[in-house]
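Undergrad: pasting the sequence and the predicted coordinates here, then a few questions.
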Amino acid sequence: MALEGTLEADVSTDGRGSKTVQFTFDVTNTGTATVELRFSDAAKAEFIVEDERREVWRYTEGRAFTQLLSAEQIAPGETATYEAEWERPRDGEYTAVAELRAQEATCDARTSFSVTD
């Protein structure tokens with residue numbers, strides 16, 4: 001199984017000055033066979049934000065997800081996309097980590113980003 005991940009963090013500010021970080025985690029099947037991903041709940045990916053190796057935000061923290069067994073297939077060369085949003089981040093320099101939450105497959109990605117005025 002050959003999965004490769006990429007992670008993007010897009011910082012935006014609304015008209016009232018409130019900031020949001022939109023995370024996009026792309027998981028691409030770089031192998032030659034279709035990969036089936038099985039999930040035990042509706043949270044298919046985890047997103048974590050660190051400030052110098054200290055965790056400051058976790059997507060699943062304090063959230064409830066439907067306990068639902070599901071599966072999706074990614075054909076060779078195809079990409080599955082998972083997204084999350086961090087509202088009202090503090091200014092700073094961060095590293096984001098995304099991790100696939102499939103039962104029998106692993107894939108992760110990291111990216112650095114800044115939140116500034």
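TA: Okay, I see it.

Undergrad: now do the strand or helix carrying residue 96: distance to the chain's middle.
TA: Following DSSP states H and E, the helix or strand that holds residue 96 is strand 92-100. From the chain centre to the centre of strand 92-100 is a distance of 8 Å (Cα atoms, centre = their mean, to the nearest Å).

Undergrad: what's it in contact with?
TA: Counting by Cβ atoms under 8 Å, 6 or more residues apart in numbering, the neighbours of strand 92-100 from elsewhere in the structure are 3, 5, 7, 9, 21, 23, 25, 27, 37, 44-51, 56, 82, 106-115. For the C-beta atoms, the positions are set from N, CA and C on the backbone; glycine is no exception.

Undergrad: list the buried residues for it?
TA: Of the residues in strand 92-100, those scored as buried under the neighbour-count criterion (16 or more other Cβ atoms under 10 Å) are 94-100.

Undergrad: ok, stretch 14-31 next?
TA: Buried positions in stretch 14-31, judged by neighbour count with 16+ other Cβ under 10 Å: 19, 21, 23, 25-29.

Undergrad: cool, and stretch 102-109?
TA: Under the neighbour-count rule (16+ other Cβ under 10 Å), stretch 102-109 has 102, 105, 107-109 buried.

Undergrad: ok, back up a step: give the buried subset of the contacts of strand 92-100 as a ChimeraX selection command.
TA: The following ChimeraX selection, which keeps only the buried ones among the contacts of strand 92-100, applies the criterion 16+ other Cβ under 10 Å:
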select :3,5,7,9,21,23,25,27,37,44,45,46,47,48,49,50,82,107,108,109,111,113,115
